[in-house]
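Participant: With the input below, show me the fold.
(one chain, ligands or ions: 1)
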Amino acid sequence: MNIQAQLQHTLKNIKKASNLFLGYPISKDFDYAPLFEFLKYPINNVGDPFINSTYKVQTHEMEREVIEFFADLFRANANDYWGYITNGGSESNLYGLYIARELYPKAMVYYSESTHYSVKKNIHLLNIPGIVIRSQENGEIDYEDLQNTLQYNRHKPAIILSNFGTTMKEAKDDISKIKGILRKLAIQDHYIHCDGALSGTYGAFLNDRIPYDITDGADSISISGHKFIGSPIPCGVVITKRSLRDRVSKGVSYIGSLDTTITGSRNGHSVLFLWYAIKHMGVDGLKARYKHSLEVAEYCKTRLCEHGIKAWSNGGSITVVLPKTSEALKDKWQLATEDDVTHLICMPNVTKQHIDAFVEDLIREKKTEPVLV
Ligand SMILES: *Cc1c(COP(=O)(O)O)cnc(C)c1O
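Facilitator: Residues are numbered from 1 along each chain as shown. Down below sits the predicted model:
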């Protein structure tokens, strides 16, 4: 195949795969075409976004605006926040855990068994001893198990990895309950990182609020930019307190900046996407996206239950959990499946028509007719 043909072939496959897509938390309803010109430049946000670096082909100013937007959404202290745009939620988690370890080198990290796989790898990379805590049936951390485990180790500082939207069931751990346990056991040296990859972006809009943000007691929060907001390039955000990041910063004269980030060179284009998105959506736009997703999730649950499928979701969650589907359906709709459950995630681009099409497939299957691909 020549170059042109190969590109066409790949594009065709991507378009097709992108059409039938209900299982992963990826928004597809974006149009960043007005930013096309920027692809002609080697944008690199190397260094700390809040410090003027010697390298000028960058989008630091926009990065600071994005950070300010999320710091505000996560109710950080306006005089004590910091953050940067990462390559995704995994790097954001690594950053939170990195600060935690720098603050408390002798700490143990506690995380539930529903925690994303990136966390286990991160704590391995950081060489922090960790303990897995049981999850409840709905995917939320088992607070009793957390308390008992902390009690045995109360002589050590504690790092808690709290989930705000687990990968499979979109369960949300309650930071105020976690804080309550730490208080009861008088563990003063503690750090809480909130992994809000998907749900962190709309956590502020839940009808029945679940404590998760900086005011609630998190020391850092991570989200993925390509999930709820949507981006052609994976990206993420990490928000923490300036006073905490000051503990890990080191000056580097070669770039004329502080080496406060995990990677050296950093993607300056994804910053543009996130900036463009929040400028267009604003808080109200994000709220509207969440409301739409929630409605579609409710619709999805109702339709599935009508057909005798035991579908459910956690409160305020846009992820619908159902018993494991057949391989054919899983394949066609790219449904993530783990143990005995499958999930559908009603991202902002998912409509009731998509749900209807999926339900139709289920009905055909029940009648033992083959799924149409
Ligand atoms: C997706 C996800 C991550 C990882 O985010 P990436 O952006 O893919 O690196 C971490 N935690 C949870 C709960 C996730 O769902």
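Participant: Next, the distance between the ends of stretch 153-162.
Facilitator: Stretch 153-162 has an end-to-end distance of 18 Å (C-alpha to C-alpha, to the nearest Å).
Participant: List the buried residues of that stretch.
Facilitator: Burial within stretch 153-162, assessed by neighbour count using 16 or more other C-beta atoms under 10 Å, is assigned to Asn153, Pro157, Ala158, Ile159, Ile160, Leu161, Ser162. From N, CA and C alone the C-beta is placed, and that goes for glycine too.
Participant: Is the ligand within reach of that stretch?
Facilitator: No - using C-beta under 6 Å from any ligand atom, stretch 153-162 never reaches the ligand; the gap is at least 9.7 Å.
Participant: quick one, domains of the chain?
Facilitator: 3-25+283-366, 42-279 (automatic domain parsing).
Participant: So which of the ones you listed is the most surrounded?
Facilitator: domain 42-279 (a mean of 20; mean count of other C-beta atoms under 10 Å).
Participant: so how far does that domain reach from one end to the other?
Facilitator: Rule used - C-alpha to C-alpha; the end-to-end distance of domain 42-279 is 23 Å.
Participant: Can you name the residues that contact Gly236?
Facilitator: By C-beta atoms under 8 Å, 6 or more residues apart in numbering, Gly236 lies in contact with 85-92, 197, 222-226.
Participant: one more time with 7 Å, if that's ok
Facilitator: By C-beta atoms under 7 Å, 6 or more residues apart in numbering, the residues touching Gly236 are Thr86, Asn87, Gly88, Gly89, Glu91, Ser92, Ser222, Ile223, Ser224, Gly225.
Participant: Now render the domains of the chain as CSV, adding mean pLDDT and distance to Phe36.
Facilitator: Listed next are these as CSV, based on pLDDT from 0 to 100; distance: least, C-beta to C-beta, whole Å:
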stretch, mean pLDDT, distance to Phe36
domain 3-25+283-366, 94, 16
domain 42-279, 95, 11
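Participant: Output the set of residues of the stretch 1-150 of the chain in proximity to the ligand.
Facilitator: Gly88, Gly89, Ser90, Asn93, His116, Ser118.
Participant: for the residues you listed, which one is nearest Ser176?
Facilitator: Closest approach between those and Ser176, by C-beta to C-beta: Asn93, at 21.2 Å.
Participant: That closest one is in what secondary structure piece?
Facilitator: Per DSSP states H and E: Asn93 is located in helix 89-103.
Participant: rewinding a little: greatest separation within the residues of the stretch 1-150 of the chain next to the ligand: which pair is it?
Facilitator: Farthest pair in those (C-beta to C-beta) is Gly88 and His116. Separation: 11.0 Å.
Participant: ok so Ile160 is a helix residue?
Facilitator: No - judged by DSSP: H, G, I helix; E, B strand; the rest coil, Ile160 forms no part of a helix; its state is strand.
Participant: List the contacts of it.
Facilitator: Tyr110, Ile178, His190, Ile192.
Participant: Can you give me the distance of it to the ligand?
Facilitator: Ile160 sits 15 Å away from the ligand, going by C-beta to the nearest ligand atom, to the nearest Å.
Participant: Strands of the stretch 251-373 of the chain, residue ranges please.
Facilitator: Counting by DSSP state E, counting those that start in this stretch, the stretch 251-373 of the chain has these strands, from start to end: 251-252, 257-258, 319-323, 337-338, 341-345.
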